[in-house]
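In: Coordinates for the following, if possible.
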Amino acid sequence: MFEQLAIAARPILDLPLVRRTRRNHGLEHATIHVLASRVKGLQMAGRSTEGGFILIGEAPTETVESAVNEALRRMRAGEHSLAVHPNCGTNLVTTGLMTSVVGMLGMSGANRRDTFNRLPAVMVMMMFTVLFSQPVGTALQKHFTTDGNPADLEVISITRSQMTMPFGKPVAMHRVVTRSS
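Out: The predicted structure is shown next:
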């Protein structure tokens, strides 16, 4: 089903801005997969744009550079599945949206007493929805929010800086600048 929707959405997915962002999102995920295999206990977040991506979390810059290059090489060699990551925001948004809809539907039309009586059934429905939403989020990543084929994507630069989190200590941030058609 998602594959057919992606085919129908191809004119939008192939817009240069969208295509570049999806390629970068795929390379971001692939890089985090490679980093996770090299850095024990890796805690990292990322955000992609049409011009590249940022990685927020502690890792040596040389390790990040090496991981980006390996990820790009492996994706070009056909490991397109590296573009999908279980901790992607797409999965979180999918789960949040689906469980919210189930909760709203389960409670719609209920008065105060009905709300309390419906709560156990609605909670069970929401838990099943959480389980069901995981493969849905993965399919959305695969077909819409990432691209496992980097095509002509090239890395221009990788720079490190520090970012201060609210109420926290500084954290490393790597900016990966890319170019693609």
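
In: Show me where the chain has its helices.
Out: 2-8, 10-13, 16-38, 61-76, 89-107, 112-140 (DSSP state H).

In: Take those helices and write them to JSON lines, including distance to residue 162 and mean pLDDT.
Out: Bear in mind the C-beta positions are built from the backbone N, C-alpha and C, glycine included. Compiled in JSON lines, those are given as follows (distance: least, Cβ to Cβ, whole Å; pLDDT from 0 to 100):
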{"stretch": "helix 2-8", "distance to residue 162": "39", "mean pLDDT": "88"}
{"stretch": "helix 10-13", "distance to residue 162": "35", "mean pLDDT": "92"}
{"stretch": "helix 16-38", "distance to residue 162": "18", "mean pLDDT": "96"}
{"stretch": "helix 61-76", "distance to residue 162": "12", "mean pLDDT": "97"}
{"stretch": "helix 89-107", "distance to residue 162": "23", "mean pLDDT": "94"}
{"stretch": "helix 112-140", "distance to residue 162": "32", "mean pLDDT": "92"}
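
In: who wins for proximity to residue 160 among the ones you listed?
Out: Residue 160 lies closest to helix 61-76 among the helices of the chain, at 4.6 Å (Cβ to Cβ).

In: State the distance from the residue nearest to residue 148 when sequence neighbours are not counted to residue 38.
Out: Computed as Cβ to Cβ, 6 or more residues apart in numbering, the closest residue to residue 148 that is not its neighbour in sequence is residue 80, at 2.8 Å. Using Cβ to Cβ, to the nearest Å, one gets 21 Å for the distance from residue 80 to residue 38.
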